[in-house]
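Chemist: coordinates for the following, if possible.
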Amino acid sequence: MRFRRLMLPLLALPIALGGCGALGLGPPAGAPGSAAATPEPGGDWIVVAPGSATPSPAPSRLGSRAPVLPPVSFLPVRPGCAKSWIVNPPLIPIEVVPGARRLTVTWPRQQDSDYRITAVRQPLIAGAQPDYTWQNVAAGTGCTVTATITGLDPGVPYVVWLDAPNTGHELDGARHPYSGRSGVVYPR
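Modeler: Take a look at the predicted model:
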């Protein structure tokens with residue numbers, strides 16, 4: 001009895017592994033879908049069907065067109081200004097000269113706007129950051145505008161921020177984002 005229990009599963013094993021083909025009930029050998037038509041172990045399993053090449057696109061009756069790019073306008077260059085500034089809108093280039101407890105900031109005048117500047121302390125502080133105060137600066141009439149920020153701590157790193165709040169507005173009413181900032185500077 002024990003021998004029968006062991007033999008029955010062993011006899012069913014070839015049928016389980018070979019499927020209906022082991023009993024002669026599957027498709028004939030060599031027919032599509034038969035075991036002989038399946039790839040060899042380790043062979044390619046991707047079946048590639050022959051087809052035709054995709055046709056080339058037909059040229060447009062309107063001809064080729066340049067890609068649509070947003071309009072770009074550059075700030076006007078004042079003919080009497082000798083210094084050449086590299087302008088990267090919307091950033092206004094600025095120069096900062098450190099002095100004793102002060103920073104002297106110079107930038108090219110843009111679109112007759114007035115300006116505001118501030119020096120922002122850079123040391124990391126946990127929690128709420130201290131407020132910074134904007135210093136208003138008139139546009140003037142020359143090629144450049146210069147302002148001095150005083151009362152700074154010597155040896156402390158600062159970054160100077162520049163804002164030109166009256167540079168006009170876009171068609172949607174948004175303000176032109178002309179602004180500038182310096183790298184890290186240290187007053188003496």
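Chemist: mind listing the residues bridging to residue 97?
Modeler: With beta bridges defined as DSSP bridges, residue 97 has these partners: residue 104.
Chemist: hang on, it packs against residue 146?
Modeler: No. Contact between residue 97 and residue 146 fails when scored by Cβ atoms under 8 Å: they sit 9.5 Å apart. For the C-beta atoms, the positions are set from N, CA and C on the backbone; glycine is no exception.
Chemist: flag every buried residue along stretch 181-188.
Modeler: Of the residues in stretch 181-188, those scored as buried under the neighbour-count criterion (16 or more other Cβ atoms under 10 Å) are 182, 185, 187.
Chemist: as JSON lines, those residues with secondary structure would be great.
Modeler: Supplementary listing: the buried residues of stretch 181-188 in JSON lines, determined by DSSP: H, G, I helix; E, B strand; the rest coil:
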{"residue": "182", "secondary structure": "strand"}
{"residue": "185", "secondary structure": "strand"}
{"residue": "187", "secondary structure": "coil"}
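Chemist: and of the residues you listed, the nearest to residue 124?
Modeler: Taking Cβ to Cβ as the measure, residue 124 sits nearest to residue 185 out of the buried residues of stretch 181-188, at 17.3 Å.
Chemist: quick one: residues contacting that closest one.
Modeler: With contacts taken as Cβ atoms under 8 Å, 6 or more residues apart in numbering, residue 185 has the following neighbours: 96, 98, 103, 157, 158, 159, 160.
Chemist: at 10 Å instead, please
Modeler: 96-98, 103, 105, 119, 122, 152, 156-160 (Cβ atoms under 10 Å, 6 or more residues apart in numbering).
Chemist: kindly report the same for residue 120.
Modeler: Contacts here follow Cβ under 10 Å, 6+ apart; on that basis residue 120 touches 129, 130, 132, 157, 158, 159, 160, 161, 181, 182.
Chemist: and the gap between it and residue 52?
Modeler: According to Cβ to Cβ, to the nearest Å, residue 120 stands 65 Å off from residue 52.
Chemist: check residue 155 too.
Modeler: In this structure, residue 155 and residue 52 are 75 Å apart, going by Cβ to Cβ.
Chemist: between those two, point out the one with more neighbours.
Modeler: Between residue 155 and residue 52, counted using other Cβ atoms under 10 Å, the more crowded position is residue 155 (8 against 5).
Chemist: that one reaches residue 121, doesn't it?
Modeler: No. Counting by Cβ atoms under 10 Å, residue 155 does not reach residue 121; the two are 11.7 Å apart.
Chemist: where in this protein is pLDDT low?
Modeler: Residues of the chain that meet the criterion pLDDT under 70 lie in 1-45, 47-48, 56-80, 82, 84-90, 111, 177.
Chemist: in it, which spans are helices?
Modeler: Assigned helices in the chain, in chain order: 2-18 (criterion: DSSP state H).
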